[in-house]
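*Asks:* Here you go, sequence then predicted model.
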Amino acid sequence: MAINTPLMNVMTAAARKAAKVLIRDFGEVEHLQASKKGPADFVTQTDLRVERALREELSRTRPHYGFVMEEGGVVEGLDKTHRWFIDPIDGTTNFIHSIPHFAISIGLEREGHLVAGLVFNPIRDEMFTAEKGQGAWLNDRRLRVSSRRELSTAVVATGIPFLGREGHDEFLTELPKVMNEVAGVRRFGAASLDLAFVAAGRFDAYWERGLSSWDLAAGTVIVREAGGQVTDLTGGDNFLDGRQILASNTELHPALLKCLGGSAA
Ligand code: IPD
């Protein structure tokens, strides 16, 4: 039994429709690997096509909501109380390299609070959903964050800043601190799925800097509805605009904050 509300039905229908474009183009990308130019330009078009499909579908039933989109930027809606956060392909570098770990991410903000999230990896047919008060789900299965209490048994995901991205020095300071405390560190390359995996208890925690609101909005609702904790790296609430995040179960959160140099409050 997944979430069966009008809102979630709108979100899942939009994601499934847009995913058809994504799956078709992923097949094409695999062929383009061997070409001289590679698939980068083609993928830019895919990003735009998927985002257009999502926007059209969501606007059909919620015509006045605003949008914050990776490609199209901010579009003000007539309804100032609702905004969609859209990432058409989270994990673009994976997609370009034919690595089947990427997702469509759709978050909804109502009156300044994130209230619903959907993260869909169409290749594995894994649809992560959450709505405030309705729990977090992977397809038809209810999710719960892990219950590990010791950092020494925890698997922690992160994002490594790439070429042209801020935060290289900060990351190189933080990584050894975490490496020395936990069982393992992973870098899978799609922030929305990193968060969804924390919700599913696959990862015990996830931290990253330099992120955008569309990378995070959906996943944070999913983690919270799975019983997890989400803050910025000082332990505060400014993760959406502050471009940094720590998500984990509540037992590990204070220890990880401390380890990363933030406050454990
Ligand atoms: C990126 C991915 C990646 C993270 C980057 C994001 P994009 O999103 O989520 O895992 O490390 O910071 O920008 O560009 O593929 O939508």
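*Replies:* The structure has been received and is ready for your questions.
*Asks:* Let me see the ranges of the helices in the stretch 51-200 of the chain.
*Replies:* For the stretch 51-200 of the chain, the helices defined by DSSP state H, counting those that start in this stretch cover 92-96, 168-179, 191-199.
*Asks:* Kindly state which of those is positioned closest to residue 142.
*Replies:* Among the helices of the stretch 51-200 of the chain, helix 191-199 comes nearest to residue 142, with 10.4 Å by C-beta to C-beta. For the C-beta atoms, the positions are set from N, CA and C on the backbone; glycine is no exception.
*Asks:* near the ligand at all, that closest one?
*Replies:* Yes: Helix 191-199 is in contact with the ligand by C-beta under 6 Å from any ligand atom, via residue 191.
*Asks:* If you count contacts, what does that helix end up packed against?
*Replies:* For helix 191-199, the packing partners by 3 or more C-beta pairs under 8 Å, 6 or more residues apart in numbering; DSSP states H and E come out as strand 79-90, strand 103-110, strand 113-121, strand 126-131, strand 155-158, strand 205-209, helix 213-225, strand 244-248.
*Asks:* Run the angle between it and helix 213-225 for me.
*Replies:* Comparing the axes of helix 191-199 and helix 213-225 via axes from the mean of the first three to the mean of the last three C-alpha atoms, to 10 degrees yields an angle of 10 degrees.
*Asks:* Just give me how far helix 191-199 sits from the chain centre.
*Replies:* 6 Å (C-alpha atoms, centre = their mean, to the nearest Å).
*Asks:* Next up, the contacts around the closest residue to the ligand within the stretch 151-265 of the chain.
*Replies:* Using C-beta to the nearest ligand atom, residue 159 is the residue of the stretch 151-265 of the chain that sits closest to the ligand, at 2.9 Å. Shown in contact with residue 159 (C-beta atoms under 8 Å, 6 or more residues apart in numbering): 187, 189, 191, 194, 208, 209, 210, 211.
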